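> My questions concern the predicted model and sequence given below.
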Amino acid sequence: MTSLENKVRQKATDLHRREERIIQLEEELKSKIQEVARQLTGKEEEIMNIKKKFKEERIQMEQDKKRLTKEVTEYQEKLTQASQRFFNLKKEVEESPLAVLRSELGTKNLEIIDLETKVKKANETRDDYRGRYEQVKRDMVNLKRQIDREKE
């Protein structure tokens with residue numbers, strides 16, 4: 001019976017060790033589960049913070065987009081108005097009596113230059129004909145003298 005008692009005691013000791021080991025492993029498992037749960041909670045909070053940050057940035061970017069779109073529209077309107085004012089002023093200047101007079105003055109100056117050129121050409125032609133006339137006149141006088149001499 002002693003051997004049987006020893007075996008039973010041995011089995012009881014083994015079971016007791018196993019039970020302690022199982023309890024120890026269960027505690028480690030609970031500890032690891034708690035650690036993973038803390039990490040998971042931390043990651044969930046981090047994800048929520050990132051989502052919140054992205055949402056705030058998206059809202060800010062949408063506000064910036066609206067503001068910039070409004071500014072672009074305002075600048076386009078100002079550009080259109082400035083272009084229209086410039087066109088009107090340019091038209092006004094081009095159609096003003098002063099501009100018309102300047103245009104007519106320019107035309108008259110061109111006509112004067114053209115007439116001066118024609119007068120200069122006419123004077124050169126006149127001087128050329130006058131020179132030829134004088135030459136012919138001298139030739140005629142010389143010819144008459146020669147004829148008069150021959151008659152003598």
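Thanks, I have the structure now.
> next helix or strand past the helix or strand harbouring residue 42?
Under the criterion of DSSP states H and E, residue 42 resides in helix 2-95. Counting by DSSP H and E, the next helix or strand C-terminal to helix 2-95 is helix 97-151.
> now the angle from that next one to helix 2-95?
50 degrees (axes from the mean of the first three to the mean of the last three CA atoms, to 10 degrees).
> average pLDDT across helix 97-151?
What helix 97-151 shows for mean pLDDT is 90.
> burial measure for residue 21, as a count.
If you count neighbours by other CB atoms under 10 Å, residue 21 ends up with 10. For the C-beta atoms, the positions are set from N, CA and C on the backbone; glycine is no exception.
> residues contacting it?
When the contact criterion is CB atoms under 8 Å, 6 or more residues apart in numbering, residue 21 has no partners at all.
> ok, it to residue 32 distance?
Per CB to CB, to the nearest Å, residue 21 is found 16 Å from residue 32.
> ok, now residue 79?
From residue 79 to residue 32 the distance is 68 Å (CB to CB).
> With residue 43 instead?
16 Å.
> Over to residue 59?
Taken as CB to CB, the span from residue 59 to residue 32 is 40 Å.
> Neighbours of residue 36, how many?
10.
> Please read the previous query as pertaining to residue 12.
Residues lying near residue 12 (other CB under 10 Å) number 10.
> With residue 102 instead?
Residues within reach of residue 102, counting by other CB under 10 Å, total 11.
> what does residue 127 give?
For residue 127, the count of nearby residues is 10 (other CB under 10 Å).
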